[in-house]
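Asks: build me a structure from this.
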Amino acid sequence: VASALLPRVFAAFRSRHPEVSIDLRDVAPDELLTVVMAGHAEFGLGSVEDEGVPEVRIDTLMQSPLSAIGIKDGRFEKHRRLSWDAVMGSDLITMRRGTRIRSQIDDALAQSGRALKPAWEVSLITTALALTAEGAGISILPGHMLPKTQFPTLVAIPLSQPTIYRHVSLLSRADFGLSPAAQRFIEITKRILSAKGG
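Replies: All right, here's what the predicted structure looks like:
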């Protein structure tokens, strides 16, 4: 989220509020709750699920389906949608077992008796995209995680049968009021993510 979605938000916010400094902590999604609940950040933005913790407020800002991300080669980008079965024979690049996104994929596919057999398992989304850009395979990631300006040769094609959605949510402490600067940042974030189609 920090590299794919927020640079445009940061630029818009800084142009309107140059006097406000931003302390960005780009952490893994599994660390987001801890950072916010410990008071190290006013709020978090990321792919977090509502785990029913009453002290936490979660507001979904956008969602997109998991996608097959591949090189624009004159054929791949012509697909409007791909089924999981259509990509299973390819060299797939996925997140490592134990990550939330991988668990979500494995659980959804297991319901239809299928299992993912990736050629590569990585810890960072940017690693998956860099491997894909070099022709190592097709990445399975949320479509919104493809920063098109950083990876102009890649395209995200939504996967179906099943369609698996990933969310980008705002995470904050339920007992904590956000500062005016944070509220303004969130307003700009919502407007930009909404324009992106979320």
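Asks: Three-state assignment for residue 139, please.
Replies: strand (DSSP: H, G, I helix; E, B strand; the rest coil).
Asks: ok, it touching residue 127?
Replies: No. Using Cβ atoms under 8 Å, residue 139 makes no contact with residue 127, being 9.5 Å away. All C-beta spots, glycine's among them, are computed from the backbone N, C-alpha and C.
Asks: more neighbours: which of these two?
Replies: residue 139 (29 against 14; other Cβ atoms under 10 Å).
Asks: how about the strands of this protein, start to end?
Replies: Secondary structure of the chain (DSSP state E): strands located at 43-46, 56-71, 82-83, 92-95, 120-122, 138-142, 154-160, 165-173.
Asks: gap between the fourth one and the chain center?
Replies: Same thing as strand 92-95. Relative to its chain's centre, strand 92-95 lies at 14 Å (Cα atoms, centre = their mean, to the nearest Å).
Asks: now the helices for this protein?
Replies: 6-16, 29-37, 84-87, 100-110, 125-133, 180-195 (DSSP state H).
Asks: taking strand 56-71 as reference, get the angle to the fourth one.
Replies: For the pair helix 100-110 and strand 56-71, the angle between their directions (axes from the mean of the first three to the mean of the last three Cα atoms, to 10 degrees) equals 70 degrees.
Asks: for helix 100-110, what is the average pLDDT?
Replies: Across helix 100-110, the average pLDDT comes to 92.
Asks: OK, contacts around the spatially most central residue of the chain?
Replies: Nearest to the mean C-alpha position of the chain, counting by Cα atoms, centre = their mean, stands residue 145 at 4.6 Å. Residues in contact with residue 145, defined by Cβ atoms under 8 Å, 6 or more residues apart in numbering, are 1, 4, 125, 129.
Asks: apply 6 Å and report the result again.
Replies: Counting by Cβ atoms under 6 Å, 6 or more residues apart in numbering, residue 145 makes contact with 4, 125.
Asks: what's the separation between it and residue 31?
Replies: Between residue 145 and residue 31 the computed distance is 17 Å (Cβ to Cβ, to the nearest Å).
Asks: ok, residue 92 next?
Replies: Distance, residue 92 to residue 31, by Cβ to Cβ: 26 Å.
Asks: look at the two and report which has more neighbours.
Replies: It is residue 92, of residue 92 and residue 31, that has more neighbours when counted by other Cβ under 10 Å, with 19 against 12.
Asks: ok, that one - contacts?
Replies: 118-119, 137-138, 140.
Asks: now for those residues, which pair is the farthest apart?
Replies: 119 and 140 (11.2 Å; Cβ to Cβ).
Asks: those two: which is more packed in?
Replies: Legend: neighbour count by other Cβ under 10 Å for residue 119 and residue 140, higher for residue 140 (24 against 13).
Asks: now stretch 66-75 - C-alpha only, PDB.
Replies: Taking Å, rounded to 0.1, in the frame of the first residue of the first chain, the C-alpha atoms of stretch 66-75 are listed here in PDB:
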ATOM      1  CA  LEU A  66      -6.700 -11.000  -6.800                       C
ATOM      2  CA  SER A  67      -5.100 -10.800 -10.200                       C
ATOM      3  CA  ALA A  68      -2.700 -12.500 -12.500                       C
ATOM      4  CA  ILE A  69       0.000  -9.900 -13.100                       C
ATOM      5  CA  GLY A  70       2.100 -10.500 -16.200                       C
ATOM      6  CA  ILE A  71       4.100  -8.800 -18.900                       C
ATOM      7  CA  LYS A  72       2.300  -7.000 -21.700                       C
ATOM      8  CA  ASP A  73       3.300  -9.100 -24.600                       C
ATOM      9  CA  GLY A  74       0.500  -8.400 -27.100                       C
ATOM     10  CA  ARG A  75      -1.600 -11.300 -25.900                       C
END
